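**Q** Model the structure of this input:
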Amino acid sequence: MHQVPLYINGEFTQSQSDKWLDVVNPANQEVLAQVPCATSQEVQAAINSAQEAFQTWKNVPVPERARIMMRYAALLKEHQEEIATIICHELGKTFEDAKGDVWRGIEVVEQAANAPAMMMGETVENVARNIDTYSYIQPLGVCAGITPFNFPAMIPLWMFPMAIVCGNTFVLKPSEQDPLTPMRLVELFEEAGAPKGVLQVVHGGKDQVDQILEAPEIRAVSFVGSCGVGQYIYSKGTENLKRVQACVGAKNHMVIMPDASKEQTINNLVGASVGAAGQRCMGISVAVFVGKSQEWVDDLKAGLEKVRPGIWNDPEAAYGPQTSAAAKARILSLIESGKAQGATCLLDGSDFTVEGYEKGNWVGPTLFTNVTTDMDIYKEEIFGPVLNCVFVDTLEEAIALVNNSPYGNGVSLFTASGAAARKFQQEIQVGQVGINIPIPVPLPFFSFTGWKNSFYGDVHTYGKQGVRFYTETKTITSRWFADEAVTGPNMSINLR
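**A** Below is the predicted model of the structure:
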């Protein structure tokens, strides 16, 4: 049985832990590997190594750090299909979806290679007579990242390349459910020329996370995951005087106007609602049909009926299994609650199986209508291939419905009206808005900007805000005296 190593001080090392967890292929329950819950000594060794490496890494010129990212991006592109295949086995994604996971991470690494421009400070000459002020952007120190199961390539690549190119060192705690992918990312990062100690990887669960959150050497923590865990990490991290950015839960709506292109809208809605088995925080789980667009529900049902899950290398499969049996059980429970609470289940994927892979965690596309906002299927993030339909009469009602949601991760509007689109994007209280775009995840020269209960923190992920999160600004005000008469003491705060 393959035992997943730790990565400490530039070495892949065998953990001495007495607690190991199975890494399971969700399509057939095959145990692929075992991952350790690192000992406290191992976690501390990783932190100490990162702290030591920071003393020299922070002084490496920014262009040199950027060149490592250039080489890393090239290696990731070269090995994209290999990494995607690993994702397919340990997470169950279809091959095309897994390649997309890797590619969206590569885009962040490419942006990290722009570090020299992003690390530029500001300057003003003669803020007072013969006095200049300028600023430098400097790294924090040791940073950490805690990543979820659903994007085992993309989300680690959201974090450590940006942190490291800014001059920090990094401790990564990837999901214990699919650690093989991030470990391959680490191997390629080392091959790209990353110095020993700038990146560490430890595995485990709550105990290891707590140690990271309590370690005084760690200055900042990035997290992506569920609301409850995110609240805990944000509270405990800030209690220990760390910067924390926590991207958490969502309940994303697609608002559909009657003037939208029906075929385009239905196709986009099908892909955005059940793609990746519904296991993405920017997926659409609520369709808000405005006015006569509710007549399209039968077409939506027909579109979803054509979709079926399957194994990763089945070219006809639209998506893969749920990540675990527990995740499947939770989804099925919420489907049953929707029926019990009065929603109409037009399409029920509860009993779906794939021939030859009956042990897989399969859930077929599921469609509800007559959903109300007090139902559990509306209130809770299902994180599965379940779409709820809500009907309203006007755009104003749709905007009010979305704004009343406690979440604010993503929302989209499908319309042919520029006026409706402008009104929507101006009044909607959600951080990431798509106009005729179903999943508006921004490219990494922008930042990932969830609002409300979808984000805990002050500064968002990647883009310019990512650089700001991983750095501090030092402002210098200077004057050089010429050979001239010495003035008397200045008793005020004014510069002169």
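
**Q** now the helices for the stretch 1-150 of the chain?
**A** In the stretch 1-150 of the chain, the helices defined using DSSP state H, counting those that start in this stretch lie at 40-57, 62-78, 80-91, 95-112, 115-118.

**Q** And the stretch 251-400 of the chain, by the same measure?
**A** Going by DSSP H, counting those that start in this stretch, the stretch 251-400 of the chain shows helices at 262-274, 297-305, 325-340, 376-379, 395-403.

**Q** for the last one, packing partners?
**A** Contacts of helix 395-403 with other secondary structure elements, assessed using 3 or more CB pairs under 8 Å, 6 or more residues apart in numbering; DSSP states H and E, are made with strand 252-256, strand 284-290, strand 386-392, helix 418-427. For the C-beta atoms, the positions are set from N, CA and C on the backbone; glycine is no exception.

**Q** Let me have the ones you listed in a markdown table, extended by mean pLDDT, mean neighbour count and distance to Pro152.
**A** Shown next, in a markdown table, are the helices and strands packed on helix 395-403 (pLDDT from 0 to 100; neighbours: other CB atoms under 10 Å; distance: least, CB to CB, whole Å):
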| stretch | mean pLDDT | mean neighbour count | distance to Pro152 |
| --- | --- | --- | --- |
| strand 252-256 | 98 | 27 | 21 |
| strand 284-290 | 98 | 25 | 22 |
| strand 386-392 | 98 | 23 | 23 |
| helix 418-427 | 98 | 14 | 32 |
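
**Q** Which one of the helices of the stretch 1-150 of the chain lies nearest to Pro216?
**A** The closest of these to Pro216 is helix 40-57. By CB to CB, the value is 9.4 Å.

**Q** in the closest one, what counts as buried?
**A** Residues of helix 40-57 classed as buried by neighbour count (16 or more other CB atoms under 10 Å): 42-43, 45-51, 53-54, 57.

**Q** Go through the residues you listed and name the one nearest Asn404.
**A** Val43 (41.9 Å).

**Q** Make CSV from the helices and strands packed on helix 395-403 and add distance to Asp132 to it.
**A** Below are those laid out as CSV (distance: least, CB to CB, whole Å):
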stretch, distance to Asp132
strand 252-256, 48
strand 284-290, 52
strand 386-392, 58
helix 418-427, 41
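
**Q** How far off centre is stretch 148-157?
**A** Going by CA atoms, centre = their mean, to the nearest Å, the spacing between the C-alpha centre of stretch 148-157 and its chain's C-alpha centre is 7 Å.

**Q** of the helices of the stretch 1-150 of the chain, which approaches Arg243 most closely?
**A** Closest to Arg243 of these is helix 40-57 (CB to CB; 15.7 Å).

**Q** what inclination does that closest one have with respect to helix 62-78?
**A** 130 degrees (axes from the mean of the first three to the mean of the last three CA atoms, to 10 degrees).

**Q** Name the residues that touch helix 40-57?
**A** Outside helix 40-57, the residues that touch it by CB atoms under 8 Å, 6 or more residues apart in numbering are 6, 8-10, 15-17, 38, 139, 141-142, 164, 167-171, 195-198, 200-202, 204, 207-208, 211-212, 215, 217-218.

**Q** Go through the helices of the stretch 251-400 of the chain and name the closest to Ile437.
**A** When the helices of the stretch 251-400 of the chain are compared by CB to CB, helix 262-274 sits nearest Ile437, at 8.1 Å.

**Q** helices or strands up against the closest one?
**A** strand 252-256, strand 284-290, helix 297-305, strand 386-392, strand 410-414.

**Q** Out of the helices and strands packed on helix 395-403, which is closest to Asp348?
**A** Of all the helices and strands packed on helix 395-403, it is strand 386-392 that lies closest to Asp348, at 9.8 Å by CB to CB.

**Q** Packing partners of that closest one?
**A** With contacts taken as 3+ CB pairs under 8 Å, 6+ apart, strand 386-392 sits against helix 262-274, strand 284-290, helix 297-305, helix 325-340, strand 366-369, helix 376-379, helix 395-403.

**Q** Of all the ones you listed, which one comes closest to Ala33?
**A** Closest among those, once you apply CB to CB, is helix 325-340, at 18.0 Å.

**Q** sorry, back to before: CSV for the helices and strands packed on helix 262-274, including distance to Gln264?
**A** What follows is those, written out as CSV (distance: least, CB to CB, whole Å):
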stretch, distance to Gln264
strand 252-256, 11
strand 284-290, 14
helix 297-305, 12
strand 386-392, 17
strand 410-414, 7
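
**Q** Alright, calling it a day.
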